[in-house]
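>>> Pasting the sequence and the predicted coordinates here, then a few questions.
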Amino acid sequence: MNTLDIGTADTSAPLADRIAADLESASDERLMALVRGELREAAFEELVRRHSDAAYRTALACLRRRDSAEDAVQEAFLRIIRARRLYRPGMRFAPWFYTMLRNTCRDQLRRRAVRAEAPAAKTANSETTDPCSELVIREDCRAACRALGQLEELDRQILALRIHGDLEFAEISTIVNLSAEATKKRAYRALQRLREKLGGTA
């Protein structure tokens, strides 16, 4: 069911279990509606459970530092709470959330530039949470990370939103403020540049 209709649930199960089951079956949009209206902690926790891993991979692909990615994801979820009244019921949750995550990543990159930190690409490694693991471009993930770090920031963001956020190009285009066709072309060109840098073929 997509609504928290406790009255129609199996009354033989404990109330807490029935509520948890209803939350697990609710859509993202229904959960966000609960967060918006009543700031239901359980609904918010379910959204975090569903999206935290993909959000982390997306942020890591953009920021290329694990600690920065973790901070960005936490900040994005905090922004959900602070901006919950701005969520329009029925609006797709994922693009709304990933817009916040992208803005959070951009804020971190701006702060990093101000502090004149060393390029984040130098911290790339071959850990299992590496963002390149899903690019399926080359088996050498470390080389793929270096190549990814050489792309323009916008191209990294588009690829991350597509691969890790699993968003459609039309949704990504809204987030990055480009047309869907322009977004798709940038993604394809970025993938082509990655293949070239890795010595692969188109």
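Nice, thanks for sending it over. Residues are numbered from 1 along each chain as shown.
>>> Mind telling me what element residue 24 is part of?
Assessed by DSSP states H and E, residue 24 sits inside helix 15-25.
>>> How about residue 37?
Going by DSSP H and E, residue 37 is in helix 28-38.
>>> Buried residues of that helix, list them for me.
Residues of helix 28-38 classed as buried by neighbour count (16 or more other Cβ atoms under 10 Å): 28, 29, 30, 31, 32, 33, 34, 35, 36. To be clear about C-beta, it is placed using only N, CA and C from the backbone, and glycine gets the same treatment.
>>> what's the closest of the residues you listed to residue 63?
residue 28 (24.1 Å; Cβ to Cβ).
>>> you'd agree the closest one is up against residue 94?
Yes: the pair residue 28 / residue 94 is scored as a contact, 6.7 Å apart, by Cβ atoms under 8 Å.
>>> Identify the contacts common to these two.
Common neighbours of residue 28 and residue 94, using Cβ atoms under 8 Å, 6 or more residues apart in numbering, are residue 51.
>>> got the contact list for the helix holding residue 37?
With Cβ under 8 Å, 6+ apart as the contact definition, helix 28-38 has outside contacts at 2-4, 23, 26, 40, 43-44, 46-47, 50-51, 80-81, 84-85, 87, 89-94, 96.
>>> Which elements pack onto whatever helix or strand comes next after that helix?
Counting by DSSP H and E, the next helix or strand C-terminal to helix 28-38 is helix 41-63. Here helix 41-63 touches helix 15-25, helix 28-38, helix 66-82, helix 93-114, helix 153-163, going by 3 or more Cβ pairs under 8 Å, 6 or more residues apart in numbering; DSSP states H and E.
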